[in-house]
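Chemist: any chance you could fold what I've pasted below:
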Amino acid sequence: MQGVDDTDRRILRHLQADASRSTTDLAEYLGLAASALARRLERLERIGVIEGYTAAIYWRVL
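Modeler: Numbering: from 1, shown residues only. Have a look, this model is predicted:
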């Protein structure tokens, strides 16, 4: 992926596993400042790596 470094890949892996995690919690887990994580997420959205965030709903549980 062009313009994506190892830190971005770590962010993406963790988002894919649990996108409901707060930015503050994820930043702390990754050893980043929350503002640095926010900038990276904004850039990943801008360059089209992240297209959006969705909720997986398990209708059988309802």
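Chemist: in what helix or strand does the residue positioned nearest the centre of the chain lie?
Modeler: Nearest residue to the geometric centre of the chain (C-alpha atoms, centre = their mean): L15, 3.8 Å. Element membership for L15, per DSSP states H and E: helix 6-17.
Chemist: can you give the contact residues for the helix or strand just after that helix?
Modeler: Using DSSP H and E, the helix or strand that follows helix 6-17 towards the C-terminus is helix 23-30. For helix 23-30, contacts defined as C-beta atoms under 8 Å, 6 or more residues apart in numbering pick out 7, 10-11, 14-15, 21, 33-34, 36-38, 41. Where C-beta positions appear, they are placed from N, C-alpha and C, glycine not excepted.
Chemist: which ones are touching the residue nearest to the centre of the chain?
Modeler: 21, 26, 50.
Chemist: got it, and R60?
Modeler: Contacts of R60 by C-beta under 8 Å, 6+ apart: none found.
Chemist: which residues of this protein score low on pLDDT?
Modeler: Across the chain, the ranges flagged by pLDDT under 70 are 1-2.
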